[in-house]
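>>> Kindly generate the corresponding structure for this input.
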Amino acid sequence: MRLVLVALLGSGCAAASGDTCETCPTVTLTANGSDSLSAPAGTNVAYAWGSTHADSASSTVTVSPGPDGCGNRNGPWVVSTLTGTTDPLPLLACQSGFSYTLAVEVAQSATGDTATASVTIAVD
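Got it, this is the predicted structure:
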């Protein structure tokens, strides 16, 4: 009966009252180990992400207000792997006064279910 309900809802992640879905995709994303970071230009930032029960990943970045002083606009952030890390990269002076929200979405193609995680970085 639960499988019928899941099919009608269109989401394999619909858990019945308090049940935990053990096969739903999950994703995490951090910058220097946090999901929110405020730091001055010159600070090195390393990103880490991971997922379970997913088979594809995509990502975006939103610059606020945009574009920033470097000319960056909203758009893709190049994450196409299910798990990964970046080498630390410095925040640039032209990013001061801007906020960046990076998001990773993972999907499970068999069910169409997705999960999203984001991290916000405010550059002082």
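>>> List the single closest residue to Ser118 in space, sequence neighbours excluded.
Leaving aside its chain neighbours, Ser118 sits nearest to Ala103 (4.1 Å; criterion: C-beta to C-beta, 6 or more residues apart in numbering). The way it works is simple: take the backbone N, C-alpha and C, and place the C-beta from them, glycine included.
>>> Summarise which helices and strands the helix or strand that contains Thr120 is packed against.
Assigned by DSSP states H and E, Thr120 belongs to strand 113-123. Contact partners of strand 113-123 among helices and strands, from 3 or more C-beta pairs under 8 Å, 6 or more residues apart in numbering; DSSP states H and E: strand 26-31, strand 36-39, strand 47-52, strand 99-108.
>>> follow-up on the earlier one: correct me if wrong: the residue nearest to Ser118 contacts Ala117.
Yes - using C-beta atoms under 8 Å, Ala103 makes contact with Ala117 at a distance of 7.1 Å.
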